[in-house]
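Asker: Sequence first, predicted coordinates after that:
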Amino acid sequence: MIQTTSRPSDTKLSQFRVKGEIPVPMLIGRLTLAAVPILLLFAWRSLDRGLPGSATILIVFAMLLSVNGIVYLISHNSTLQRRGFITMITVLFTYLAINAVEDGSAIIWLFAYPPIIFYISEAKVGVIACAGGLAAVAVLFSPLGDMAFDSPYSTSFRLTMLAVLGFEMSTCYVLDQSRRRSKLGLLKLAAEFEYAAKHDALTGLANRREAHEQLEAEYQRYMRNSRVFSVLLMDIDLFKSVNDSYGHQVGDETIVMVARTLQEQSRKVDTLSRWGGEEYLVLLPETDTPEAVQTANRIRQTIASTPIKAQGRSINATISVGVATIHGAESVDRLLQRADEALYRAKTMGRNKVCDFEGNFS
Ligand SMILES: Nc1nc2c(ncn2[C@@H]2O[C@H](COP(=O)(O)OP(=O)(O)OP(=O)(O)O)[C@@H](O)[C@H]2O)c(=O)[nH]1
């Protein structure tokens, strides 16, 4: 885990799915299953009316949609499936409108386009596709369209169709925006709850529970690959006197400033946590005792040599550190106990010290 987990961005969040939301690949799959028999029915009726050309094209659309579905089932490439589906339905709806399939009544299927396109694609793509579609229908219904195609639509049908289609597209856009906003709000709330459950509110470091989780994960890695890890248990020296002399607010700021120094002096892979009041636990993956002692001393010296500025005061804080490295088949609890004993020894040796479990101190 990283030192402090930053909150995910809105763009990243919007890619998550909330419970109950139909996944886009599943929706496309269902729409394909529904569209193929309808297209085959239209094809059969076209044949019946002596329109083999139209029947053939509709069968080709049905086959292309089926192929798109089969390719997804094999490749699980949802982007390819979505792009293929959008392209095909756009061409299909254009064909239905231009060729006046089913005596021109098939153009009414155009109303299915906006909700589908807004659901399965990004809002921007939805807007562009709908605006383009409406413009294309307007051209088809214009005198220009009459010159190019032999469309059977009456003037009142054309006007009503354009008005209702425009109304439907706008409504779909508004509803889609509202859906996206509430989904993002929900995901943000969930991310905030998750962050609060894992972090300490004062310092932003991992909290004790999260530290235990990371310790357990590191322990499992150690059991698998035998790469040792170490922990540093740290405690601000004589912290009670900081509170007593300057007040709790200065005490809090001191706790935060020590946390900042820990972050500056640690690697990205280390887990920094607030273990208790003025206690911190640092988990150092793949680190043996000499390396851990070196890190602990670097942190200790930095804190000792940098006066902390809080509420206009300058405080010279020091820390004591207990170091323990996992060995053999000992448990995480035993490791923590050894770190605690080493910390206790560092305190009894006079504070501002780093002490490992063997009793070596610096
Ligand atoms: N301001 C502030 N004080 C805290 C917080 N958590 C614990 N403390 C205080 O930290 C002090 C810890 O003191 P002790 O554990 O007795 O030890 P110490 O004075 O640090 O002395 P040594 O550990 O022996 O060096 C107590 O006075 C607590 O009230 C906190 O979140 N904010």
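Answerer: Everything's here; your move.

Asker: just checking, what packs against the helix or strand where S156 lies?
Answerer: Here S156 sits within helix 155-198, counting by DSSP states H and E. On a contact count with 3 or more C-beta pairs under 8 Å, 6 or more residues apart in numbering; DSSP states H and E, helix 155-198 meets helix 10-14, helix 113-120, helix 123-141, helix 208-225. (C-beta placed from N, C-alpha, C; glycine too.)

Asker: Out of those helices, the one nearest the ligand is which?
Answerer: Nearest of those to the ligand, taken as C-beta to the nearest ligand atom: helix 208-225 at 12.7 Å.

Asker: Give the pairing partners of the helix or strand following the closest one; include direction for each.
Answerer: Proceeding N to C from helix 208-225, the next assigned helix or strand is strand 230-236, under DSSP H and E. With DSSP bridges as the test, strand 230-236 is paired with strand 279-284 (antiparallel), strand 319-325 (antiparallel).

Asker: Of all those, which one comes closest to the ligand?
Answerer: strand 319-325 (6.7 Å).

Asker: before we move on, the earlier item: what's the mean pLDDT across the helix holding S156?
Answerer: Averaging pLDDT along helix 155-198 yields 93.

Asker: Pull the distance from it to the chain's centre.
Answerer: The chain centre lies 20 Å from the centre of helix 155-198; the measure is C-alpha atoms, centre = their mean, to the nearest Å.

Asker: Pick the most buried one from the helices and strands packed on helix 155-198.
Answerer: Burial of the helices and strands packed on helix 155-198 is given as mean neighbour count (mean count of other C-beta atoms under 10 Å); helix 113-120 ranks first at a mean of 20.

Asker: What angle do helix 155-198 and it make with each other?
Answerer: Angle between the axes of helix 113-120 and helix 155-198 is 20 degrees (criterion: axes from the mean of the first three to the mean of the last three C-alpha atoms, to 10 degrees).

Asker: what are the ranges of the strands in the stretch 201-350 of the chain?
Answerer: For the stretch 201-350 of the chain, the strands defined by DSSP state E, counting those that start in this stretch occupy 230-236, 271-274, 279-284, 308-310, 313-315, 319-325.

Asker: got those as TSV, with distance to the ligand columns?
Answerer: Shown next, in TSV, are those (distance: least, C-beta to the nearest ligand atom, whole Å):
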stretch	distance to the ligand
strand 230-236	5
strand 271-274	9
strand 279-284	8
strand 308-310	10
strand 313-315	12
strand 319-325	7
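
Asker: I'd like those laid out as JSON lines, including distance to E218.
Answerer: Output for the strands of the stretch 201-350 of the chain, formatted as JSON lines (distance: least, C-beta to C-beta, whole Å):
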{"stretch": "strand 230-236", "distance to E218": "9"}
{"stretch": "strand 271-274", "distance to E218": "8"}
{"stretch": "strand 279-284", "distance to E218": "6"}
{"stretch": "strand 308-310", "distance to E218": "30"}
{"stretch": "strand 313-315", "distance to E218": "33"}
{"stretch": "strand 319-325", "distance to E218": "12"}
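
Asker: how about the ones you listed, which one is nearest D146?
Answerer: With C-beta to C-beta as the measure, strand 271-274 is the member of these nearest D146 (71.3 Å).

Asker: residues in contact with that closest one?
Answerer: 1, 3-4, 200, 202-203, 205-208, 210-211, 214-215, 255, 259, 262-263, 266, 280-283 (C-beta atoms under 8 Å, 6 or more residues apart in numbering).

Asker: Taking those, please make a PyMOL selection of just the buried ones.
Answerer: Buried residues within the contacts of strand 271-274, by 16 or more other C-beta atoms under 10 Å, are selected in PyMOL with:
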select buried, resi 1+3+4+200+203+205+206+207+210+211+214+215+255+259+262+266+280+281+282+283
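
Asker: Close to the ligand: what parts of the stretch 101-250 of the chain are there?
Answerer: Residues of the stretch 101-250 of the chain found near the ligand (C-beta under 6 Å from any ligand atom) are 235-240, 243, 248.

Asker: still on that earlier bit, confidence-wise, which of the helices and strands packed on helix 155-198 is weakest overall?
Answerer: Lowest mean pLDDT of these: helix 10-14, a mean of 61.

Asker: ok so, going back, would you reformat the residues of the stretch 101-250 of the chain next to the ligand as JSON lines and include pLDDT?
Answerer: Output for these, formatted as JSON lines (pLDDT from 0 to 100):
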{"residue": "D235", "pLDDT": "97"}
{"residue": "I236", "pLDDT": "97"}
{"residue": "D237", "pLDDT": "96"}
{"residue": "L238", "pLDDT": "95"}
{"residue": "F239", "pLDDT": "94"}
{"residue": "K240", "pLDDT": "95"}
{"residue": "N243", "pLDDT": "92"}
{"residue": "H248", "pLDDT": "93"}
